[in-house]
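Peer 1: Here is a sequence with its predicted model. Questions after.
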Amino acid sequence: MSPLDSELRRALAERIRYYNELGIYDFYRRETQVSELPSLTPISHPEQPKEMTPRRSAVALSTPPAESMLDGSSARPEYGINDPARALKIIREDLGDCTRCVLHKQGRKQIVFGVGNPRAELMFIGEAPGADEDQQGEPFVGRAGQLLNNMIKAMGLRREDVYIANIIKCRPPGNRTPERDECETCSPFLMRQIAAIKPKVIVALGAVAAKTLLAINAPMSDLRGRWYEFKPAGVRSSDPSWSSAKLAVTYHPAFLLRDPRQKKEAWKDLQMVMKELGLTAPAKTPE
């Protein structure tokens, strides 16, 4: 065996060990084209308001690591468990006191895993925990969380009826935007949460959540107002009748606090979600 072969073997062993720590155990090789990405499939909406139609096509980013390296049939420790609450507990235990990216040594107080109904039909996914979330260990509990609560209430639901999570589970220092490698490292656990919960609809809150989940680089004006078929990359649900959710994009509540004029646009997005879920509520923009 040549020194190069030996070095390559060691590098591959380190990479496999890294993905095992993320909960990734099965690998395969596949040439993936952008057109094959399931998360990029828009679903037509015959009654979609004209002003919510994207003005130009989205541009695909590179395939997330989990999608390019994993078959959707790959099993995880929680696979086969029909109780989503128990499955989420297993995922949380697998996550542990995570040190997989640099955020664990950049001032985070605790991991913010997710909260809500483990059997929720509706799931909200934001960007990252802030200071309040880092302190309390629960997503969306600060000012932006209060606005999200109002948005949920305006839809005719309660916070405990939905499930709320973020792309990454540790607060970035100074609430900066998460780095791409941080999102790629943390998102496999989110994918497993989604597969365990099996929501009917996912709402991506803000550009970071939308672009990470859909692997699309496009402005919010293009991402909003349409449905996407979303399949969590690298995992499958224990329920064979569930393979995907519908995903919609709207503004992050923190952005709406900075620019309240966009609340009416966000309300249009939520009304689209309500129609899909068969919800009725007073057509009032959340305050």
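Peer 2: Yep, it's here. Numbering: from 1, shown residues only.

Peer 1: contact partners of stretch 269-283?
Peer 2: Identification of contacts with stretch 269-283 by CB atoms under 8 Å, 6 or more residues apart in numbering yields 45, 48, 52, 121-122, 151, 154-157, 200-201, 203, 224-225, 227, 246, 248-251, 267. From N, CA and C alone the C-beta is placed, and that goes for glycine too.

Peer 1: Check stretch 104-117 too.
Peer 2: Against stretch 104-117 from outside (CB under 8 Å, 6+ apart): 88, 92, 95, 97-99, 123, 129, 133-135, 137-139, 159-166, 169-173, 193.

Peer 1: isn't Ala144 right up against Gly130?
Peer 2: Yes - with contacts counted by CB atoms under 8 Å, Ala144 reaches Gly130, the gap being 7.2 Å.

Peer 1: okay, and the common contacts of these two?
Peer 2: Here Ala144 and Gly130 have Ala254 as joint contacts, going by CB under 8 Å, 6+ apart.

Peer 1: what about Leu279, how many neighbours?
Peer 2: 15 (other CB atoms under 10 Å).

Peer 1: ugh, typo on my part, it should be Met155
Peer 2: Using other CB under 10 Å, Met155 is surrounded by 22 other residues.

Peer 1: quick one: contacts for it?
Peer 2: 270, 273-274, 279, 281.

Peer 1: how near is it to Gln262?
Peer 2: Computed as CB to CB, to the nearest Å, the Met155 to Gln262 distance reads 17 Å.

Peer 1: Return the subset of the contacts of stretch 104-117 lying in strands.
Peer 2: 123, 163-166 (DSSP state E).

Peer 1: with those in mind, which one is nearest to Leu214?
Peer 2: Nearest to Leu214, judged by CB to CB, of the ones in strands among the contacts of stretch 104-117 is Met123 at 14.8 Å.

Peer 1: Which residue ranges of the stretch 101-250 of the chain form helices?
Peer 2: Under the criterion DSSP state H, counting those that start in this stretch, the stretch 101-250 of the chain contains helices at 131-136, 143-154, 180-197, 207-214, 220-223.

Peer 1: isn't Asn175 right next to Ala131, touching?
Peer 2: Yes - the criterion here is CB under 8 Å, and Asn175 meets it with Ala131 at 7.0 Å.

Peer 1: how many other residues sit next to Arg108?
Peer 2: Other residues near Arg108 come to 17 when the count uses other CB under 10 Å.

Peer 1: Going forward, the N-terminal residue is numbered 23.
Peer 2: Got it, the first residue is 23 from now on, which makes the last one we talked about Arg130.

Peer 1: Tell me the confidence at it?
Peer 2: Looking at Arg130, its pLDDT stands at 94.

Peer 1: next one: Arg258
Peer 2: As predicted, Arg258 sits at a pLDDT of 83.

Peer 1: is it true that it touches Lys220?
Peer 2: No - counting by CB under 8 Å, Arg258 does not reach Lys220; the two are 10.7 Å apart.
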